[in-house]
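Asks: Build me a structure from this.
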Amino acid sequence: MTASDIAALTTCIVDPTRAITNAQIVQRLSRDFYWYSPILKKQLDDKTAELALQPINVEEIQRILACCYERNIPVTTRGAGTGNYGQAVPLHGGVILDLVNMDRIEAITPEGVAICQPNVRLGTLESTAREQGFELRCYPSTIVKASVGGFLGGGSGGIGSVAHGGLRDFDTVRAIEVVTMEAEPRIILHEGQAVHDVLHAWGTNGIITKIWLALTPAVSWAQCCVAFDTFDQAFTFSEQVAYDPYWIKRLVTTFEWPIPSCFAPIINITRPNKSLIFFMVAATQLAELEAEAKTAGGEITLAADYTGLRTTPLLSDYTWNHTTLWAIKQDAAFTYLQCGFSPTDARTQFATLKRHFGDEILFHIEFMKNGAGTVIPGSIPLIRFTTEQRLNEIIDLCRSIGVTVANPHVNNVEGGGRYREDNVQLLTKQKYDPRGLLNPGKMVTFKPASQAAM
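Replies: Residues are numbered from 1 along each chain as shown. A predicted model of the protein is given here:
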């Protein structure tokens with residue numbers, strides 16, 4: 001970018017202090033948690049934008065995009081930067097569009113739909129919704145820091161998915177407003193099934209500026225941790241609770257030992273050499289769950305009411321991809337995969353993987369409901385990383401035995417396992433970003449209009 005480019009872009013926002021050129025700050029805003037992957041760390045460590053802009057409204061976004069379109073400058077959108085795949089890391093410099101100031105909850109309707117700007121923190125939305133008798137259907141373990149727009153752009157599920165599925169299921173996202181990257185950027189509303197044109201596209205085909213997100217009636221929850229002598233025992237009990245519709249649940253997470261040994265702040269609720277299950281169930285069912293767990297041979301190491309995101313300890317802080325973070329803190333050689341095991345043949349799949357890889361793979365199961373309404377043993381297994389070739393061998397064997405893998409070690413939408421086979425995300429990019437200036441390089445099947453015509 002030239003000095004002229006920076007000067008022109010600075011005039012697009014009312015307050016010039018929201019145009020950031022300080023190299024250290026711009027580099028920080030060009031980062032997310034891509035370093036969970038040793039492969040992405042190597043690829044992305046030296047990537048940074050040249051300018052960060054912090055708009056406060058849609059009009060400023062339109063002016064910024066129009067200026068960037070005219071000058072052929074790439075734009076990468078940033079939410080809270082809690083993603084793990086390098087979605088927010090610019091591959092070709094240019095502008096970071098930091099939506100930090102667009103953080104207003106506009107309404108929570110009587111029907112339970114939150115209408116909000118993209119940088120509302122999920123934790124803020126959860127707390128606000130519960131005050132009105134609702135709560136999030138699903139959320140990542142990074143709920144306190146993660147933004148709603150970032151979750152829609154790069155997330156998929158989380159706590160609550162065992163009951164409500166992921167973001168793309170059961171009309172959880174009712175509508176999304178986006179701004180296009182054209183000579184005259186338009187504001188486009190996507191409703192109903194059209195939201196899938198934009199969901200999980202990493203900001204490559206439009207800038208999300210408003211969201212209509214369906215909530216669910218709030219429940220008084222309780223937390224419970226149960227230890228079992230073996231992983232098979234723990235998996236069996238967690239499977240029974242996860243699959244049985246009788247249980248009102250928000251979280252069913254199962255850890256193979258030694259994963260619990262990584263949870264230093266809550267080591268007192270772990271047991272040496274034992275597998276653990278973390279539950280969040282309706283408070284009215286806690287005593288019954290404890291009794292069932294004891295009958296199955298489990299030891300209750302924690303049972304307490306959940307009083308909100310300030311609950312201590314908050315078990316969800318150690319689930320989903322926070323599990324990976326705690327493991328990396330203990331041993332930097334750990335990384336992870338994102339897998340889906342068979343709801344009927346998981347034990348055979350576990351045995352096959354253990355036979356081939358032993359403790360190179362450690363099982364971390366997150367039960368979730370898929371789009372068809374079936375609860376499955378999803379998984380974010382820990383992997384002891386040695387080489388990229390060995391990691392690919394693990395991925396290949398998983399897929400050969402029917403274990404699905406969404407690969408978190410590739411830096412594009414298509415390779416990560418969440419790309420829609422009907423190509424609606426690609427078709428949307430062709431319409432809304434003909435020059436390919438939005439997060440370029442992250443949708444590898446896209447060709448700019450000038451090249452596509454050749």
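Asks: Give me the residues contacting stretch 279-291.
Replies: Applying Cβ atoms under 8 Å, 6 or more residues apart in numbering, the contact partners of stretch 279-291 are 159, 219-226, 241, 247-253, 300, 303, 305-306, 315-316. Heads up, the C-betas are built off the backbone N, CA and C, glycines and all.
Asks: Please repeat the previous calculation with a cut-off of 6 Å.
Replies: 219-224, 248-252, 300, 303, 305 (Cβ atoms under 6 Å, 6 or more residues apart in numbering).
Asks: Now do the domain split for the protein, please.
Replies: Structural domains annotated on the chain: 3-98, 105-217, 221-406, as defined by automatic domain parsing.
Asks: End to end on the second one, go ahead and measure it.
Replies: The first residue of domain 105-217 is 18 Å away from its last residue (Cα to Cα, to the nearest Å).
Asks: Please, where are all the strands along the stretch 101-250 of the chain?
Replies: Taking DSSP state E, counting those that start in this stretch to define them, one finds strands in the stretch 101-250 of the chain at 105-108, 113-116, 134-136, 173-179, 187-191, 207-217, 221-228, 249-255.
Asks: Adding distance to Arg384, write those out as JSON lines.
Replies: Below are the strands of the stretch 101-250 of the chain laid out as JSON lines (distance: least, Cβ to Cβ, whole Å):
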{"stretch": "strand 105-108", "distance to Arg384": "42"}
{"stretch": "strand 113-116", "distance to Arg384": "40"}
{"stretch": "strand 134-136", "distance to Arg384": "33"}
{"stretch": "strand 173-179", "distance to Arg384": "36"}
{"stretch": "strand 187-191", "distance to Arg384": "42"}
{"stretch": "strand 207-217", "distance to Arg384": "37"}
{"stretch": "strand 221-228", "distance to Arg384": "23"}
{"stretch": "strand 249-255", "distance to Arg384": "16"}
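Asks: Could I get the buried residue list for stretch 294-302?
Replies: With burial defined by 16 or more other Cβ atoms under 10 Å, the residues of stretch 294-302 counted as buried are Gly298, Ile300, Thr301, Leu302.
Asks: what's the residue closest to the geometric middle of this protein?
Replies: Among the residues of the chain, the one closest to the centroid is Gly155, at 3.0 Å (Cα atoms, centre = their mean).
Asks: Quick check: Ala218 vs Ala129, distance?
Replies: Look at Ala218 and Ala129: by Cβ to Cβ, to the nearest Å, they are 7 Å apart.
Asks: In CSV, list the domains of the chain along with distance to Asn423 and mean pLDDT.
Replies: Conversion of the domains of the chain to CSV gives the following (distance: least, Cβ to Cβ, whole Å; pLDDT from 0 to 100):
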stretch, distance to Asn423, mean pLDDT
domain 3-98, 19, 97
domain 105-217, 10, 97
domain 221-406, 18, 98
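Asks: Those domains: which one's closest to Thr428?
Replies: For Thr428, the closest of those is domain 105-217, at 4.2 Å, according to Cβ to Cβ.
Asks: and the closest one, how far from the chain's centre?
Replies: 12 Å (Cα atoms, centre = their mean, to the nearest Å).
Asks: mind listing the helices for this protein?
Replies: For the chain, the helices defined by DSSP state H cover 3-10, 23-29, 38-44, 58-71, 122-131, 148-154, 161-164, 231-243, 286-295, 321-330, 346-357, 388-400, 424-432, 449-452.
Asks: ok, the nearest residue to Ile383 once chain neighbours are set aside - contacts?
Replies: Nearest-residue entry for Ile383: Thr335, 5.1 Å, with adjacent residues in sequence omitted and distances by Cβ to Cβ, 6 or more residues apart in numbering. By Cβ under 6 Å, 6+ apart, the contact list for Thr335 reads Ser37, Pro38, Ile383, Phe385.
Asks: where's Ala327 relative to Pro272, distance?
Replies: 17 Å.
Asks: ignore the last one, Ile61
Replies: Separation of Ile61 from Pro272 (Cβ to Cβ) stands at 53 Å.
Asks: Neighbour count: these two, which is higher?
Replies: Using other Cβ atoms under 10 Å as the criterion, Ile61 and Pro272 rank with Ile61 on top: 24 against 10.
Asks: Now do the same contact list for the more buried one.
Replies: Applying Cβ under 6 Å, 6+ apart, the residues near Ile61 are Pro55, Val179, Ile207.
Asks: How many residues are close by the second one?
Replies: Here the number of neighbours of Val179 (other Cβ under 10 Å) works out to 22.
Asks: My guess is it contacts Lys210. True?
Replies: No - with contact defined as Cβ atoms under 6 Å, Val179 does not reach Lys210; the gap is 10.0 Å.
Asks: Leaving aside the residues adjacent along the chain, what's closest to Gly298?
Replies: When the adjacent residues along the chain are set aside, Gly298 lies closest to Val226, with 4.1 Å between them (Cβ to Cβ, 6+ apart).
Asks: Report the contact partners of that neighbour.
Replies: Ile277, Ala293, Gly298, Ile300.
Asks: and which of those residues is nearest Val403?
Replies: In terms of Cβ to Cβ, no member of the contacts of Val226 lies closer to Val403 than Ile277, at 20.9 Å.
Asks: Show me the beta-bridge partners of the spatially closest residue to Glu191 that is not a sequence neighbour.
Replies: Of all residues not flanking Glu191 in the chain, Ala175 sits nearest, at 4.4 Å (Cβ to Cβ, 6+ apart). For Ala175, the beta-bridge partners are Glu191, Trp212 (DSSP bridges).
Asks: what about Met368, how many neighbours?
Replies: Neighbour count for Met368, taken as other Cβ under 10 Å: 27.
Asks: how near is it to Leu325?
Replies: Relative to Leu325, Met368 is positioned 20 Å away (Cβ to Cβ).
Asks: Also Ser30?
Replies: 20 Å.
Asks: out of these two, which sits in the more crowded spot?
Replies: More crowded of Ser30 and Leu325, by other Cβ under 10 Å: Ser30, with 22 against 19.
Asks: ok so, going back, any shared contact partners between Val179 and Lys210?
Replies: Shared contacts of Val179 and Lys210, defined by Cβ under 6 Å, 6+ apart, are absent.
Asks: Now flag whichever of the contacts of Val226 is closest to Pro260.
Replies: Ile277 (10.3 Å).
Asks: Which residues does the closest one form beta bridges with?
Replies: Val226, Thr254.
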